[in-house]
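> Curious how this folds, go ahead:
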Amino acid sequence: MAKGLLDRLRDAPLPRVARFALVGATGVGVNSGMLWLLKEGAGFPLAAASALAIETALWNNFLLNDAWTFHKERQRRPWWTRALAFHVTAATAAVLNLGLLLLLVAWPGLNYLVANLIAIGAAASVNYGLNALWTWRPPAPRPRAVSMAGPPSGQKIVVVPTYNEAQNVERLIDAVLAQGLSYEVLIVDDASPDGTGGLVRARAEREPRVHLLSRGGKLGLGTAYVDGFREAVRLGAELVIQMDCDLSHDPAALPLLVEAAEEADVVIGSRYVAGGRTTGWPWYRRLVSEGTSLACRALLGVPVHDVTGGFKCWRRQVLEALPLEEVRCRGFAFQIEMNYLCWRQGYSIAEVPVNFVNRQHGRSKMSLAMGLETAALLWRLALGTPAPLR
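Numbers count the residues shown, from 1 in each chain. Sure, this is the predicted structure:
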């Protein structure tokens, strides 16, 4: 009976952050109880009683987190190194707590109780983040055997989301179709007010290698790609390639991605590997882009240099296997989420160098909301429960 109760408690549908907070609350109780017992019952000096009580509470929290909060993780380090890491993160949080408390009391002049609550909240967040990212960081997934893809001469469909791209779409279609008879184009248009959809529809009536998927409104880049991937698979594509419509991705590089797909499940046209570059970008955009890629490698462990790149080639089998219905991001963070999903599922990812050219016509779709979505995604993927391997 006791074992069944423990199993139900362990498998309770609570997020890790809630479990971590509950364990922390038990640690406060253990600390207070031990301090009273050692000081009042055993007659220990206050400093010694406090030190022993803190250490007892730390072990209580470590063991409960190890057995409950993070029990689904396949640990990649011995228990004693996890315990040591837990103590280091707790010490870091304690120093932050004290320093922030003193700062808030001295500078804004906050009441010490209010300042203490703020300091505790900040220290607890840092403590959880460090433990999730370091102490119990999930191991890298085991790579799958590279799945067999169709030969390069098989059907390749290029999926291109559009919104107000009338100035670019026909030039892009011409450049893609010029790469060979095995290339087709699927435009996913979100009811562009400038008539992009109408131009593509007229072209599709004359050219069987051009396809149009019309949607009812501006529903987001992520959902456009997901809908486009599903339609491309339905149309029989062996390789599905995604690219922007503004000609920042050179259609002449398509054969390079297709060739690399013979050895990898996913191929990224990368700006940040040897030979890759950007043209016409201001320094701050490159700084933000490279900084995001660096943060993804550091926080998530994804072994990709250009994690936000949108020029990719997918094997049909990968898109059929990935849980596309679980993809949440609607903006440019979609690229990060898909890379993370592929890596967590063990698919091989290759990068080939490309030149990214800043758009010449039309307006960029980047916005503050998309930046905030990227930050929220990194928080969710880094500190949430990783998707299980399939």
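
> Outline the domain layout of the protein.
Here the domain parsing of the chain from automatic domain parsing is 12-135, 156-383.

> Distance from the chain centre to the longest one, please.
For domain 156-383, the distance from its own C-alpha centre to the chain's C-alpha centre is 16 Å (CA atoms, centre = their mean, to the nearest Å).

> tell me the mean pLDDT for it?
Averaging pLDDT along domain 156-383 yields 91.

> Next, give phi and psi for Val352.
As for Val352, its main-chain torsions (degrees, to the nearest 10) stand at phi -120, psi 140.

> list the contacts for it?
Val352 sits next to 253, 256-257, 260, 267-270, 273 when contact means CB atoms under 8 Å, 6 or more residues apart in numbering. Every residue, glycine included, has its C-beta placed from N, CA and C.

> Just the ones in helices from the residues you listed, please.
Per DSSP state H, helices hold the following members of those: 256-257, 260.

> Present the contacts of Val352 as a markdown table; the columns should include neighbour count and distance to Val185.
Formatted as a markdown table, those follow (neighbours: other CB atoms under 10 Å; distance: CB to CB, whole Å):
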| residue | neighbour count | distance to Val185 |
| --- | --- | --- |
| Ala253 | 17 | 15 |
| Leu256 | 16 | 18 |
| Leu257 | 25 | 15 |
| Ala260 | 17 | 20 |
| Val267 | 26 | 18 |
| Ile268 | 29 | 20 |
| Gly269 | 28 | 17 |
| Ser270 | 23 | 23 |
| Val273 | 16 | 27 |
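
> Need those in CSV (columns: distance to Trp314).
Formatted as CSV, the contacts of Val352 follow (distance: CB to CB, whole Å):
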residue, distance to Trp314
Ala253, 16
Leu256, 15
Leu257, 10
Ala260, 12
Val267, 8
Ile268, 10
Gly269, 12
Ser270, 15
Val273, 19
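
> Return the distance of the nearest residue to His211 once chain neighbours are set aside relative to Val28.
In space, and not counting its chain neighbours, His211 is closest to Leu186: 4.4 Å by CB to CB, 6 or more residues apart in numbering. Distance from Leu186 to Val28, counting by CB to CB, to the nearest Å: 57 Å.

> Compare neighbour counts for these two and give me the winner.
Leu186 (26 against 11; other CB atoms under 10 Å).

> if I look at the more buried one, how far off is Asn61?
For Leu186, the distance to Asn61 - CB to CB - is 52 Å.

> Kindly report the same for Leu172.
Distance, Leu172 to Asn61, using CB to CB: 56 Å.

> which residues in the protein form strands?
156-162, 183-189, 210-214, 239-242, 266-270, 277-279, 312-315, 349-353, 355-357 (DSSP state E).

> now for the first one, which elements pack on it?
Translated: strand 156-162. helix 169-177, strand 183-189, helix 196-206, helix 221-234, strand 239-242, helix 254-260 (3 or more CB pairs under 8 Å, 6 or more residues apart in numbering; DSSP states H and E).

> In the stretch 1-150 of the chain, mark out all the helices, start to finish.
Secondary structure of the stretch 1-150 of the chain (DSSP state H, counting those that start in this stretch): helices at 2-10, 16-36, 46-64, 79-106, 112-130.

> Ramachandran coordinates for the residue located most distally from the centre of the chain?
Computed with CA atoms, centre = their mean, the residue of the chain farthest from its C-alpha average is Gly43, at 52.6 Å. Per-residue torsions, Gly43: phi 80, psi 20 (degrees, to the nearest 10).

> Can you give me the distance of Gly280 to Ala224?
Distance of Gly280 to Ala224, computed by CB to CB: 25 Å.

> neighbour count winner among the two?
Ala224 (25 against 11).

> Gly217 is in contact with that one, correct?
No - with contacts counted by CB atoms under 8 Å, Ala224 stays clear of Gly217, the gap being 11.2 Å.

> Residues that sit against both of those two, list them.
Common neighbours of Ala224 and Gly217 (CB under 8 Å, 6+ apart) are Asp190.

> Distance check, Thr56 against Trp79.
Distance from Thr56 to Trp79, by CB to CB: 18 Å.
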